[in-house]
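Engineer: what's the 3D shape of this:
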Amino acid sequence: MEKGIRQTDKIYVAGHRGLVGSAIVRSLNRQGYENVIGRTHKELDLTDQAAVRDFFEKERPDVVVLAAAKVGGINANNTTPAEFAYENMQIQCNVIKCCHDYQVKKLLFLGSTCIYPRMAPQPIPESALLTGPLEETNEAYAIAKIAGLEMCKFFKRQYGDDFISCMPTNLYGPYDNYELQGSHVMPAMIRKFHEAKVNGAPTVELWGTGQPLREFLYVDDMADACVYLLEHYSGEQHVNIGTGKELTIAELAQIVKKTVGYQGEIVWNAEMPDGTPRKLTDVSKLHSLGWHHKVELEEGVALAYEWFVQNEQNARK
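Structural biologist: From the prediction side, this is the model:
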């Protein structure tokens, strides 16, 4: 089967309006791929097997990027684990099987670094997958994502399908989710500090101790890496996408606070969960393939905050 992708290919990006999918569409368009299609959830429910099959029968995409998923932060994962497991596995099974049945030339499946064991070696190599217990606070989402990337591997192994997977680290940027009960740490901080500044609040409460270490990647960098992999990679093993750099949540809070221009104090609520103590990806495989990130954290936070301010009324919150 032909490897790589061509600029004339019809490329279906599942989840094209989300944080990840919209960035991949932007990257594809920047790099000359003009035949990019997407469907909103209202237009195509990816948990509906018959609807997904009808879509593939009609559209016959050459390339598929599976960036659609039910996602959320610690609170959402903790309180609705059944939905996270069921809906994500439905989406993956429907799309991956159709990619095989309709002879899609290339599929890129996007996972998440939460698939790795809670106490994985740091930085986390791709080989750490399935070597230990998962972090309980996002176990359901992680298990679903593991099932998806393993399914891609099995289809490649059994049928020779050019199905590849990547594991982005913590992402942030345009079209992120700013809903406080379901969002990740970066957009939650941006919204909290911004609203505290606007309202003149003397303090901002943040969850946990501030001590966990995290890695953050600007979403347009992630998207460029995805296109690079579509063009250059056909291996069975998934590929980490990240910066290889980390900082504490407390250090991140200071960067966001400074970027927003908030003058008050930060209060840490240590009764709330911290999540995984440390999560840094080993990106040596990605670097060996010839790709490195471009946007450093302070520049990225400034870009993300600028987008939030310009789109505050329409941001998902």
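Engineer: Can you identify the element that follows whatever helix or strand residue 226 lives in toward the C-terminus?
Structural biologist: If you go by DSSP states H and E, residue 226 is part of helix 219-232. Downstream of helix 219-232, the next assigned helix or strand under DSSP H and E is strand 239-241.
Engineer: Now do the helix holding residue 226: which elements does it pack against?
Structural biologist: helix 19-30, strand 63-66, strand 106-110, strand 163-168, strand 170-172, strand 239-241 (3 or more Cβ pairs under 8 Å, 6 or more residues apart in numbering; DSSP states H and E). Heads up, the C-betas are built off the backbone N, CA and C, glycines and all.
Engineer: Apply 6 Å and report the result again.
Structural biologist: Contact partners of helix 219-232 among helices and strands, from 3 or more Cβ pairs under 6 Å, 6 or more residues apart in numbering; DSSP states H and E: helix 19-30.
Engineer: Tell me what angle the helix it packs on forms with strand 106-110.
Structural biologist: Here helix 19-30 points in a direction 140 degrees away from that of strand 106-110 (axes from the mean of the first three to the mean of the last three Cα atoms, to 10 degrees).
Engineer: ok, back up a step: got the buried residues for the helix holding residue 226?
Structural biologist: 219, 220, 221, 222, 223, 224, 225, 226, 227, 228, 229, 230 (16 or more other Cβ atoms under 10 Å).
Engineer: which residues are in contact with it?
Structural biologist: With Cβ atoms under 6 Å, 6 or more residues apart in numbering as the contact definition, helix 219-232 has outside contacts at 4-5, 19, 23-24, 27, 31, 108, 166, 168, 171, 173, 241, 291, 293-295.
Engineer: With respect to residue 210, which of the buried residues of helix 219-232 is nearest?
Structural biologist: Distances from residue 210 to the buried residues of helix 219-232, taken as Cβ to Cβ, are shortest for residue 219 (23.7 Å).
Engineer: Leaving out the residues flanking it, which one is nearest to that closest one?
Structural biologist: Spatial nearest neighbour of residue 219, excluding adjacent residues (Cβ to Cβ, 6 or more residues apart in numbering): residue 173 at 3.5 Å.
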